[in-house]
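> For reference, the sequence and a predicted model appear below.
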Amino acid sequence: MAEGALFHLAGKVLELLGSFTLPEVKLAFGVQTEIEKLTSTVSTIQAVILDAEKQSSHNHQIKDWLRKLKDVLHDADDLLDDFSTQVLRHKVMRKKKVRIFSSSSNRIAFSPKMGRQIKAIKKRLNAIAKDKEDFHFIQSFIEPQVMSRDRETYSFVLEDEVVGRENDKEVIIELLFDDNVVDNISIIPIVGIGGLGKTTLAQLVYNDQSVNKNFELKLWVCISEIFDVKRIVKEILEQLTDERLKESFEMLQNQLREKLSGKKYLLVLDDMWNEDSAKWLLLKNLLMVGARGSRIVVTTRSEMVAGITGATSWYALKGLPVEKAWNLFVKVAFGEGQLPKNQAFISLGKEILEKCVGVPLAIRTIASLLHSKPSENEWRSFKNYELSKITHAEENNILSTLKLSYDHLPSYLKQCFAYCRLFPKDFKIHVGTLIDLWAAQGFIKLSNPKQRVKDVGREYFKLLLWRSFFQDVEKDYWGNIWCKMHDLMHDLAISVAGTECTVLHSTEENIGKNVRHVSFNLLDSSMQFPIIKFEGKRIRTVLGHRRGRDFPCNALVSNLKYSRTLDLSYLRSRKMLSSIGRLKHLRYLDISGNHCIKILPNSIVMLLNLQTLKLKNCSALRELPQDTKNLVNLRHLDISGCYQLTHMPYRLGNLTSLEILPYFVVRDGGVKARASGGLSELNKLSNLGGNLRIMYLGHGKDDMMECKAANMKEKQHLHQLELWWDPKLVGETECFDEMSLEGLQPHPNLEELILLNYMGVTIPSWVSSLTNLVNLQLQSNCRCHHLPPLNQLPFLNSVCLVNMKALIIYRCHGLRSLPCKGIQHLTSLQEMKIVDCNELALVNDEDDGMQWQGLRSLHSLCFWGTPKLVSLPDGLQHVTTLQKLEILNCTNLMVLPEWIGNLASLHYLAISGCFNLTSLPQEICHLTSLQFLEIGNCPNLMTLPGSMDNLTLLQMLKIGEFPNLTSLPQGIRSLTSLKMLRVGNCPNLKALPEWIGNLTSLEELIICECLNLTSLPQGIHDLPSLQRLNITGCPILGARCLGEDWPKISHVPVLRLDRLWR
């Protein structure tokens, strides 16, 4: 339990006590009296907890009194939760011959043993209540209030501006680009106390555009306290290869040398604590193979660490200057960053700011706290009575400054923050999982029955994020939200969590007697999870952060009587133990990633308190237990990636508390499973939110009736809906897909809609009513001919038509036209892909021009495999925001219009597989923003544009499958920004020009399948930036490169010839 969070725990005990007054609970003689007395005692104690916690910081006796109170409240919580589970079991099972229940009534009669246990708890609490009289506490039920930002809702993908580090960034970049450095690879440490923004500064530099252009490779590794050379090497390699590696250290270091050899790289080693010079030298020696100009940036709090790196000097990061610090304070503390009219706020703010000594984290944290205090008196009180206790601004006292913000949180947020101590430093936290974990411990309280746990938990997270307890928030490709904690905030979590939470890093560590929450973070990949003796300990949480090890489940489960949270994911388990059903207090169970588990034990349905069951990527799992319907408290059932599931269990629809169900299987392979639940199981699941994929929808009449019963229109919390029809049933003679889809109409709140293997000819008109739709994807809908009007979808920013229309439109072979009305209203549309739509024809007329002109946000447009595309729509010339245009395998495209030169923002142009294209307009040379140009597999193309001088920003040029090319256009000689040139399958190209030596930025040259190319020009030797040369499939030239032309290319670091690869 977190420091300062007892008020919430006492409230939870009172809530449990109140549940025993329900009519269906029949208490034994005398027990009712004990319940009433216990309720009175807990209420009396709760009234003084807030004052006691406030005084405990300077009174050890009060601190000890709170510790005793905490222990007995936890025991009371366990006992009452046990009884509450019995009530729930009676309601669900309706078993009348259970020992603790009355056999003569459906009402529950608890035995006198319950009275004795409650009496024992009451006795301990009475002693604590008596002791409180010695301290003369003041009664209070008013916790600190928290306020959200008034001016906006949170947008997780946007980062706040970084204030005041512009000069620091310039200095670091100058050091990166300094050519006067003697060493090929230099090390630049950034040193400063915690909270100054060392990582933020490194990120600013790392993402700078000039840095991107100057380094061939960029790599980022967070080191933190444990300096494990093998782990660091493995992380670097995984970034380079995008693969998971399991090799020995010997193999890993050889791979690292090979990948970095001759490459100019930038490596950031963030948050380094290592003071062991031998370990550092081992890593450093592996990194010294890079090209001249490579740089290693190290961020650290310690000058000793900086010295060990071998750097002769380092950049000492200081606090923000007074003016910059004040700008940051104003931005956070006052709405919209506007100074208030009351000058007293300004004066108080500047006095408070002095205590933050320019540390951005402290400034943000204190300013966000003050943002929630609207009165001058509250600001003055904070300055005089709380901030005044902090005398110096060294790192430990910055922690004290941060704790002031923690002290002003209500107890329910305090325990949410402190629980995060279980995550390792710099751990990437999945916010959805974090909310589930909070809920499992009872930290999330709903104020009314219509609220959803996910929504309230998200609000808790936002409040802590606004107070800077979390940072580095990002959204991944799938829409998942992730965050991290600053090191100092993690230190604060450790401090306030006390001895109840611990993270085990090795098998030798012991668990303290007061520990209730445990997580494993075994950094050494060779370690096995330890067999921990939990006897006598009331462990409530077991988490594992490093996966892929065998785990002693049996030994663990048998000692987790009081556990609320158990993480057994990715542990190579072959089956789940039936004993799992004994963990009656369990709220959160994660078995994800155990690929060998085929069936779950039936005992799992005895976990009546279970709220979260995660089975993600249990790829062998065949079915869920038949009595899954008994898990009436289940809110989150994740079976995504369980592709062997054949059906959903019967009466799944009883689980009306379900909020997250990402995957629903209607049928498998066209055969309905016996005793399975159809789509009608979704009827009453009105709380479903997030993403839902419905698999194996059928095409028949019975399937259509089921679709109507799903009641999708009432699911207002769904963000994404994927409807996958069974591809094996495409040949059915009669298809009812249009009526099925009509019956699956979702709520207008839906943001993403994906249809796959839909066999209807038209899309229902209700799509036009989805006014919040952001992404529409139609894939492999081969009979679809028409799209509905899209003019009512103002927020649509991605349409993908694949085998149809994304606008993703994907493989929609029957689609003949885009909506006759409406695309001009898609003012938010950013991406349109039309892929493999064989019948789609775009007409050039006045109306068409008006439609395309309205797409004022369109950035990316792709035509792939659209054979009826003869010319580009004229209206596109008005889409000046277009940055990417791809025309691939449009076999009947005959000409590109001259107006293509009007697309001033275009930086990516690819034209390939257009067999009837005979010429390119010279106006392509007016695309002065172009950075990537590919022209390939257009066999009837006669020439390339000659005047390419204006393409001064072009960095990549690919020319391929061009039989009519005899020489490279003269204009290429002026492309001094060009970094990569590829010429392939040009059989009539006989020579490269001597002026190729003018391409001073060229780093990579690829020549392949140019059969008549006989020699290299001398200019190849004059390319100062050339790092990689690849010549393959050129038999005459290849032989010459190993002989007469060898001196021209021998200096290139990376060479690949047919008979040579170095």
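The structure has been received and is ready for your questions.
> Okay, strands next: where are they in the stretch 601-750 of the chain?
612-614, 636-638, 648-649, 663-665, 676-677, 689-697, 717-725 (DSSP state E, counting those that start in this stretch).
> Mean pLDDT lowest where, among those strands?
If the strands of the stretch 601-750 of the chain are sorted by mean pLDDT, strand 676-677 sits at the bottom with a mean of 74.
> and of the strands of the stretch 601-750 of the chain, who's closest to residue 889?
strand 717-725 (26.0 Å; Cβ to Cβ). The way it works is simple: take the backbone N, C-alpha and C, and place the C-beta from them, glycine included.
> May I see the buried residues of that closest one?
Of all the residues in strand 717-725, those buried under the rule 16 or more other Cβ atoms under 10 Å are 717-718, 720-725.
> Return the list of strands paired to it, each annotated with direction.
strand 689-697 (parallel), strand 752-756 (parallel) (DSSP bridges).
> okay if I get those as CSV plus mean neighbour count?
Below are the strands paired with strand 717-725 laid out as CSV (neighbours: other Cβ atoms under 10 Å):
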stretch, mean neighbour count
strand 689-697, 20
strand 752-756, 22
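> out of these, nearest to residue 229?
So among the strands paired with strand 717-725, strand 689-697 is nearest, using Cβ to Cβ, at 39.9 Å.
> got the strands paired with strand 717-725 as a markdown table, with distance to residue 462 columns?
Below are the strands paired with strand 717-725 laid out as a markdown table (distance: least, Cβ to Cβ, whole Å):
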| stretch | distance to residue 462 |
| --- | --- |
| strand 689-697 | 16 |
| strand 752-756 | 22 |
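> Looking at those, which is nearest to residue 461?
strand 689-697 (15.0 Å).
> outside of the closest one, which residues touch it?
Contacts to strand 689-697, defined as Cβ atoms under 8 Å, 6 or more residues apart in numbering, come from residues 452, 454-455, 478-479, 640, 659-670, 679, 703, 707, 715, 717-726, 740, 752.
> Same check on stretch 38-51?
Applying Cβ under 8 Å, 6+ apart, the external contacts of stretch 38-51 come out as 6-7, 10-11, 13-14, 17-18, 66, 69, 73, 76, 118, 121-122, 125-126, 128-129, 132, 137-143.
> repeat for stretch 1017-1027
With contact meaning Cβ under 8 Å, 6+ apart, stretch 1017-1027 is reached by 216, 262-264, 291, 979, 991-1005, 1029, 1047-1049, 1051-1054.
> repeat that for 7 Å
Stretch 1017-1027 is contacted from outside by 216, 262, 992-997, 999-1005, 1048-1049, 1052-1054, using Cβ atoms under 7 Å, 6 or more residues apart in numbering.
> Just the ones of those in helices?
Among the contacts of stretch 1017-1027, DSSP state H puts 1048-1049 in helices.
> Please spell out the ChimeraX selection for the buried subset of the contacts of stretch 1017-1027.
Paste this into ChimeraX to select the buried members of the contacts of stretch 1017-1027, with burial taken from 16+ other Cβ under 10 Å:
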select :216,262,992,996,997,999,1001,1002,1003,1004,1005,1048,1049,1052
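> can you tell me which of the contacts of stretch 1017-1027 are in strands?
Using DSSP state E to define strands, the subset of the contacts of stretch 1017-1027 located there is 1004-1005, 1054.
> Serialize those to CSV and add fields for distance to residue 247.
Formatted as CSV, those follow (distance: Cβ to Cβ, whole Å):
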residue, distance to residue 247
1004, 28
1005, 32
1054, 23
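> Residue 910: which of these is nearest?
Distance ranking of these against residue 910, using Cβ to Cβ, places residue 1004 first at 17.9 Å.
> how near is residue 1022 to residue 879?
To residue 879, residue 1022 is 41 Å away according to Cβ to Cβ, to the nearest Å.
> Who has more neighbours out of the two?
Neighbour count, other Cβ atoms under 10 Å: between residue 1022 and residue 879, residue 879 has more, with 22 against 15.
> How much space separates that one from residue 905?
Taking Cβ to Cβ, one finds residue 879 at 9 Å from residue 905.
> who touches both of these two?
Residues touching both residue 879 and residue 905 by Cβ under 7 Å, 6+ apart: none at all.
> How much space separates the residue lying closest to residue 20 once chain neighbours are set aside from residue 215?
Excluding the flanking residues, the one nearest residue 20 by Cβ to Cβ, 6 or more residues apart in numbering is residue 35, at 5.5 Å. Distance of residue 35 to residue 215, given as Cβ to Cβ: 69 Å.
> which is the next helix or strand following whichever strand or helix holds residue 201?
Here residue 201, judged by DSSP states H and E, is contained in helix 198-206. Where DSSP H and E defines the elements, the next helix or strand beyond helix 198-206 is helix 209-214.
> re the thing from before, any chance of a PyMOL selection covering the buried ones in the contacts of strand 689-697?
Selection of buried members from the contacts of strand 689-697 for PyMOL, criterion 16+ other Cβ under 10 Å:
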select buried, resi 452+454+640+659+660+661+662+663+664+665+666+667+668+679+703+707+715+717+718+720+721+722+723+724+725+726+740+752
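> and residue 950, helix, strand or coil?
Secondary structure, DSSP: H, G, I helix; E, B strand; the rest coil: residue 950 is coil.
> if I read this right, it contacts residue 928, doesn't it?
Yes - using Cβ atoms under 7 Å, residue 950 is in contact with residue 928, at 5.4 Å.
> between the two, which one's more packed in?
Shown here are residue 950 and residue 928; by other Cβ under 10 Å, residue 950 has more neighbours (17 against 14).
> Find me the pLDDT at that one, would you?
88.
> Ok, residue 792 next?
What the model reports as pLDDT for residue 792 is 65.
> again with residue 102
41.
> do you know how far residue 690 is from residue 455?
Counting by Cβ to Cβ, the gap from residue 690 to residue 455 is 11 Å.
> Surely residue 239 is within a strand?
No - Residue 239 sits outside any strand when classified using three-state DSSP, being helix.
> if I read this right, it contacts residue 219, doesn't it?
Yes - using Cβ under 7 Å, residue 239 is in contact with residue 219, at 5.4 Å.
> name the helices or strands packed onto the host helix or strand of residue 189?
Per DSSP H and E: residue 189 is located in strand 185-191. Packing partners of strand 185-191 (3 or more Cβ pairs under 7 Å, 6 or more residues apart in numbering; DSSP states H and E): helix 198-206, strand 294-300, helix 303-308, strand 315-316.
> Would you mind putting those into CSV with distance to residue 621 and mean neighbour count alongside?
Below are these laid out as CSV (distance: least, Cβ to Cβ, whole Å; neighbours: other Cβ atoms under 10 Å):
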stretch, distance to residue 621, mean neighbour count
helix 198-206, 40, 21
strand 294-300, 44, 24
helix 303-308, 47, 18
strand 315-316, 53, 16
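> Quick one: closest of those to residue 575.
Between residue 575 and these, the tightest spacing by Cβ to Cβ is seen for helix 198-206, at 43.4 Å.
> angle of the closest one against strand 294-300?
160 degrees (axes from the mean of the first three to the mean of the last three Cα atoms, to 10 degrees).
> Centre of the chain to helix 198-206, how far?
20 Å (Cα atoms, centre = their mean, to the nearest Å).
> heads up, I number from 54, so please use that
Done: numbering now begins at 54, and the last item shifts to helix 251-259.
> For it, give the mean pLDDT please.
Helix 251-259 comes out at a mean pLDDT of 90.
> list the helices and strands that helix packs on?
By 3+ Cβ pairs under 7 Å, 6+ apart, helix 251-259 packs against helix 219-230, strand 238-244, strand 318-325, strand 347-353.
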